[in-house]
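Engineer: structure for the following, please:
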Amino acid sequence: MENESFDITSELTLDPFFIPPGGKYPIFFLGIAIYIFIVFCNLTLLTVIIVRKNLHKPMYFILFNLPLNDLIGITAMLPKVMSDIVTETNKVYYPLCVLQAFLLHMYGGGVLFILAAMSFDRYVAICMPLRYSSIMSPRAVIIIVSLVWGLDLVLIVSLFSLQTRNPRCRSVIMNVFCDNPSLLKLTCGNTTLNNIIGLFNTAVMQAVSVSIQVFSYVKILITCVASRRSETKVKAVNTCVAQLVIILIFQIVGTFTILSHRLKNVSADLQKIMGMLIFLVPPLLNPLVYGLYTSEIRTTLMTILRRSRVSV
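Structural biologist: Reported below is the predicted structural model:
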């Protein structure tokens with residue numbers, strides 16, 4: 001049994017997909033096309049928020065973090081997977097594997113906390129509109145965003161700091177990308193503490209995110225039902241639909257991913273594909289959903305397109 005320490009020259013082997021003959025390059029080009037499209041859509045959303053002064057509001061300052069987080073997740077995962085498919089190397093240095101896993105887990109926690117922050121912003125805007133400017137002041141928004149990334153970073157660092165506790169005695173990652181469970185399976189020591197910290201961190205992320213979202217949207221619903229003004233109801237629908245759709249997308253994809261690893265009759269390749277969807281589907285759909293359901297972003301994009309056509 002080989003006992004390895006943290007060595008920048010040590011290589012791990014990733015377990016590849018089964019790809020039928022002739023399927024390597026079509027899959028590669030499809031994956032690269034998806035990656036380019038995701039990057040383009042999210043960069044477009046980021047650019048629009050930056051350059052358009054009418055979007056320099058607390059809601060969009062918080063929203064800005066969502067496509068940024070999506071770019072971190074998709075870039076940490078997809079290019080490496082596509083590269084391994086076309087080169088058939090399926091090798092990764094251990095530190096780079098840890099870095100990939102770290103970024104992917106940061107992405108997952110980031111989605112939960114950002115959605116929670118966005119739901120709180122909508123709660124204040126709809127339930128306390130007269131106090132919105134004072135509550136969601138620039139200083140308060142900076143504090144909220146700092147808490148989003150700070151709490152995410154602390155939880156993920158605490159999780160990965162335990163990776164060096166135990167020696168490694170295996171070198172095969174049973175996945176097409178690196179994540180904490182896969183890295184944990186490489187160790188030959190006692191991983192009880194790692195599992196406890198991992199479960200605790202997951203519980204904290206879900207509890208904080210879900211409780212804030214449930215509180216916010218229940219309050220919004222109560223406000224809408226109690227209000228006699230149709231404008232309030234229309235505003236609530238227009239500002240919350242996009243966020244609720246994104247929450248549902250993330251939770252549904254995450255649920256299918258978890259179930260695929262729990263059911264015995266699911267093939268290993270299907271499990272790998274399902275594991276990738278959590279990093280593919282939300283970054284693909286998030287900017288499209290916001291482009292369709294958020295009137296200010298939709299109007300801004302249409303204005304930019306009209307001006308571009310006129311100039312051409």
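Engineer: show me where the stretch 201-312 of the chain has helices.
Structural biologist: 230-262, 268-293, 295-311 (DSSP state H, counting those that start in this stretch).
Engineer: list the buried residues in stretch 90-101.
Structural biologist: For stretch 90-101, a neighbour-count test (16 or more other C-beta atoms under 10 Å) marks 90, 92, 94, 97-98, 100-101 as buried. Using the backbone N, CA and C atoms, a C-beta is placed for each residue, glycine as well.
Engineer: still on that earlier bit, which stretch among the helices of the stretch 201-312 of the chain is buried most, on average?
Structural biologist: helix 268-293 (a mean of 19; mean count of other C-beta atoms under 10 Å).
Engineer: show me what it is packed up against.
Structural biologist: helix 24-51, helix 65-87, helix 94-127, helix 230-262, helix 295-311 (3 or more C-beta pairs under 8 Å, 6 or more residues apart in numbering; DSSP states H and E).
Engineer: just so I know, which of those lies nearest Gly189?
Structural biologist: Smallest distance to Gly189 across the helices and strands packed on helix 268-293 (C-beta to C-beta): 16.1 Å, for helix 94-127.
Engineer: so, low pLDDT: which residues of the stretch 101-250 of the chain?
Structural biologist: For the stretch 101-250 of the chain, applying pLDDT under 70 flags the ranges 229-239.
Engineer: residues in contact with the residue in the chain sticking out farthest from the centre?
Structural biologist: Distance from the C-alpha centroid of the chain, by C-alpha atoms, centre = their mean, peaks at Arg228 (37.5 Å). Residues in contact with Arg228 (C-beta atoms under 8 Å, 6 or more residues apart in numbering): none are found.
Engineer: let's have the helices and strands packed on helix 268-293 in CSV, adding distance to Thr164.
Structural biologist: Listed next are the helices and strands packed on helix 268-293 as CSV, based on distance: least, C-beta to C-beta, whole Å:
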stretch, distance to Thr164
helix 24-51, 32
helix 65-87, 20
helix 94-127, 9
helix 230-262, 26
helix 295-311, 44
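Engineer: quick one, which of these gets closest to Val214.
Structural biologist: helix 94-127 (8.8 Å).
Engineer: remind me what whichever helix or strand comes after the closest one packs against, helices and strands.
Structural biologist: Elements were assigned by DSSP states H and E; along the chain past helix 94-127, the next helix or strand is helix 132-135. Under the contact criterion of 3+ C-beta pairs under 8 Å, 6+ apart, helix 132-135 touches helix 94-127.
Engineer: Arg165 and Ile197 touch, don't they?
Structural biologist: No. Applying C-beta atoms under 8 Å as the test, Arg165 and Ile197 come out as separate, 10.6 Å apart.
Engineer: okay, the two: which has more neighbours?
Structural biologist: Under the neighbour definition other C-beta atoms under 10 Å, Arg165 and Ile197 were set side by side, and Ile197 has more, 16 against 12.
Engineer: helices or strands up against the strand or helix carrying the more buried one?
Structural biologist: Element membership for Ile197 (DSSP H and E) is helix 192-226. Packing partners of helix 192-226 (3+ C-beta pairs under 8 Å, 6+ apart): helix 94-127, helix 138-160, helix 180-184, helix 230-262.
Engineer: and if we set it to 7 Å?
Structural biologist: Where contact means 3 or more C-beta pairs under 7 Å, 6 or more residues apart in numbering; DSSP states H and E, helix 192-226 is packed against helix 94-127, helix 138-160, helix 230-262.
Engineer: what about it, distance to the chain center?
Structural biologist: 16 Å (C-alpha atoms, centre = their mean, to the nearest Å).
Engineer: what does stretch 53-61 give?
Structural biologist: On the basis of C-alpha atoms, centre = their mean, stretch 53-61 sits 21 Å off its chain's mean C-alpha point.
Engineer: what is the end-to-end distance of it?
Structural biologist: End-to-end span of stretch 53-61 (C-alpha to C-alpha, to the nearest Å): 11 Å.
Engineer: of the helices and strands packed on helix 192-226, which approaches Thr187 most closely?
Structural biologist: helix 94-127 (12.0 Å).
Engineer: how far off helix 268-293 does the closest one point, in degrees?
Structural biologist: Comparing the axes of helix 94-127 and helix 268-293 via axes from the mean of the first three to the mean of the last three C-alpha atoms, to 10 degrees yields an angle of 40 degrees.
Engineer: show me what helix 94-127 packs onto, helices and strands only.
Structural biologist: Packed next to helix 94-127, using 3+ C-beta pairs under 7 Å, 6+ apart, are helix 58-63, helix 65-87, helix 132-135, helix 138-160, helix 180-184, helix 192-226, helix 230-262, helix 268-293.
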